[in-house]
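# coords please:
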Amino acid sequence: MMNAVTDFLSNKLVIGTTLTLIGLHQFSGPLPFFNKDAFGSMTFGELPFFGGVTPLKVLGTVAIGSGLVMLFGKSMIMTPTSFVDMSAEMIEGAKAHGHL
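Just a heads-up that it's a prediction; the model follows:
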């Protein structure tokens with residue numbers, strides 16, 4: 001599940017589209033729908049702790065997630081196989097240093 005999320009958030013198409021739409025929103029020029037008033041004031045509904053869900057908040061959430069994946073990489077997600085491998089390495093290191 002987490003691999004699917006990180007693959008989605010690190011996809012070049014997702015990042016490029018998000019950045020383009022956020023950038024277009026900053027200007028009120030070429031595309032009438034993506035100007036500050038129309039695009040920013042649309043709502044998809046309400047969430048209890050976050051208030052109104054707007055396209056900009058959705059794009060912001062995707063941008064934050066993509067940024068975190070880019071900064072920390074996919075290596076912060078540990079699969080069961082990598083956990084077992086890492087545990088075996090820790091045990092070998094402890095034995096080599098006389099701790100076990």
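# who touches the nearest residue to residue 21 once chain neighbours are set aside in this structure?
Nearest-residue entry for residue 21: residue 59, 5.7 Å, with adjacent residues in sequence omitted and distances by C-beta to C-beta, 6 or more residues apart in numbering. Just so you know, the C-beta spots here come from the backbone N, C-alpha and C atoms, and that holds for glycine as well. By C-beta atoms under 8 Å, 6 or more residues apart in numbering, the contact set of residue 59 is 18, 21, 22.
# Which pLDDT does the model give the residue nearest in space to the middle of the chain?
Geometric centre of the chain, nearest residue: residue 65, 1.7 Å, by C-alpha atoms, centre = their mean. On the pLDDT scale, residue 65 is placed at 82.
# Quickly note the distance from it to residue 22.
In this view, residue 65 and residue 22 are 14 Å apart by C-beta to C-beta, to the nearest Å.
# Would you mark the buried spots in the strand or helix carrying residue 81?
When elements are assigned from DSSP states H and E, residue 81 belongs to helix 80-96. The neighbour-count check on helix 80-96 (16 or more other C-beta atoms under 10 Å) flags nothing as buried.
# pLDDT averaged over it - what is it?
81.
# and that helix, C-alpha only, in PDB?
Backbone C-alpha positions of helix 80-96 (Å, rounded to 0.1, in the frame of the first residue of the first chain) are rendered in PDB as follows:
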ATOM      1  CA  PRO A  80       9.200  -7.000   6.000                       C
ATOM      2  CA  THR A  81      12.000  -8.400   3.800                       C
ATOM      3  CA  SER A  82      14.200  -5.300   4.400                       C
ATOM      4  CA  PHE A  83      13.400  -5.500   8.100                       C
ATOM      5  CA  VAL A  84      14.600  -9.100   8.300                       C
ATOM      6  CA  ASP A  85      17.800  -8.300   6.300                       C
ATOM      7  CA  MET A  86      18.500  -5.300   8.500                       C
ATOM      8  CA  SER A  87      18.000  -7.300  11.700                       C
ATOM      9  CA  ALA A  88      20.400 -10.000  10.500                       C
ATOM     10  CA  GLU A  89      23.000  -7.300   9.800                       C
ATOM     11  CA  MET A  90      22.500  -5.900  13.300                       C
ATOM     12  CA  ILE A  91      23.000  -9.300  14.900                       C
ATOM     13  CA  GLU A  92      26.100 -10.000  12.800                       C
ATOM     14  CA  GLY A  93      27.500  -6.600  13.900                       C
ATOM     15  CA  ALA A  94      26.700  -7.200  17.500                       C
ATOM     16  CA  LYS A  95      28.400 -10.600  17.400                       C
ATOM     17  CA  ALA A  96      31.500  -9.200  15.600                       C
END
